[in-house]
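[1] Sequence first, predicted coordinates after that:
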Amino acid sequence: MKLKIVEKPVKHLVVEDFLSKEEMALCLEELKNLQDYFHDGYWFDEINGSHVNHNIKKCLNIDPYYYYMEKKNESYILREIIGKKLWSKELRDFYDSAGSDSIFSYMNETDFDQAVIAGFRDGDFYNWHRDLGVTTANIMLSNIEGFKGGDFVLSNRCGLGENERIIGDNFETITYEYKPGMAIIFPARFQHKVTKTETINDDIENIRFTLQSRCYVTNF
Ligand SMILES: [Fe+2]
């Protein structure tokens, strides 16, 4: 795999060829069986008194753990991609190579993950927000053509609301165009967004899917 550590605007990891075409096809095949469990993302707009004050979301979500409950071994996505590939020896070593004081090395000691599949249809987007957990791995699942936008943008601004601050001298961002099979692993507390997606229709093969794995520590 092509493994890259990117320092700016905040340290993150990029694996351009994380999934092969065959692996992506197997993931999408599974998604076709999960369509009944998709639900619309939530809209948050100026919720007073909440740290979540500029979180606007429009996309499709599914929590595959919820669907599979106690039978997660029946899921190719959970068993092979989230359960094994993300934690192969090569990738665990890569996380450590980002520095023993980095959050990526710390990933190797997390013991719980939350997987979310997000689907962006025509007009869908997700404005600036942060994720829960320690790190998020954002894996691009679809091999679609003829769509625009849907860029992933990562910034050096962390926190939300009154705790919001920039780490560094100036606000900086990096933009990644959607690239099938690519994985970006970033510290979840830094704000990021997905720009408006334009697709030719909302058929499942034309939805811009990402698989996200969020790591937590629960075992004290
Ligand atoms: Fe996110």
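    It's in.
[2] Got the phi and psi for the residue nearest in space to the middle of the chain?
    In the chain, the C-alpha nearest the mean C-alpha coordinate belongs to residue 138, at 2.7 Å (CA atoms, centre = their mean). With angles defined as degrees, to the nearest 10, residue 138 sits at phi -110, psi 110.
[3] Next: residue 188.
    Backbone torsions of residue 188, given as degrees, to the nearest 10, read phi -60, psi -20.
[4] Which residue, other than its chain neighbours, is closest to it?
    residue 131 (3.9 Å; CB to CB, 6 or more residues apart in numbering). C-beta here means a position set from N, CA and C on the backbone, and glycine is covered the same way.
[5] Next, the contact list for the nearest residue in space to the residue nearest to the centre of the chain that is not next to it in sequence, please.
    Among residues not flanking residue 138 along the chain, residue 184 sits closest, at 4.8 Å (CB to CB, 6+ apart). By CB atoms under 8 Å, 6 or more residues apart in numbering, the contact set of residue 184 is 12, 13, 14, 15, 137, 138, 152, 154, 176.
[6] Next step: those restricted to strands.
    Among these, the members falling in strands (DSSP state E) are 12, 13, 14, 15, 137, 138, 152, 154, 176.
[7] surely the third one meets residue 94?
    The one in question is residue 14. No: between residue 14 and residue 94 there is no contact under CB atoms under 8 Å: 10.5 Å.
[8] Distance-wise, check the residue lying closest to residue 205 once chain neighbours are set aside relative to residue 116.
    Of all residues not flanking residue 205 in the chain, residue 144 sits nearest, at 6.7 Å (CB to CB, 6+ apart). As defined by CB to CB, to the nearest Å, residue 144 lies at a distance of 19 Å from residue 116.
[9] and the helix or strand hosting residue 31, average pLDDT?
    Assessed by DSSP states H and E, residue 31 sits inside helix 21-33. Mean pLDDT, computed over helix 21-33, is 93.
[10] Begin at 9, not 1, for the rest of this chat.
    Yep, numbering from 9; the last one is helix 29-41 now.
[11] on contacts alone, who are the packing partners of it?
    Here helix 29-41 touches helix 84, strand 216-224, going by 3 or more CB pairs under 8 Å, 6 or more residues apart in numbering; DSSP states H and E.
[12] If you compare the directions of it and strand 216-224, what angle comes out?
    Here the directions of helix 29-41 and strand 216-224 differ by 90 degrees (axes from the mean of the first three to the mean of the last three CA atoms, to 10 degrees).
[13] Tell me where this structure is predicted with low confidence.
    50-65, 228 (pLDDT under 70).
[14] which stretches of it form helices?
    According to DSSP state H, the chain carries its helices in the segments 29-41, 72-76, 84, 97-105, 111-115.
[15] Out of those helices, which gets nearest to residue 216?
    Closest approach to residue 216 among the helices of the chain is made by helix 29-41 (11.7 Å; CB to CB).
[16] From the structure, what's the count of residues near residue 134?
    Neighbour count of residue 134, defined by other CB atoms under 10 Å: 21.
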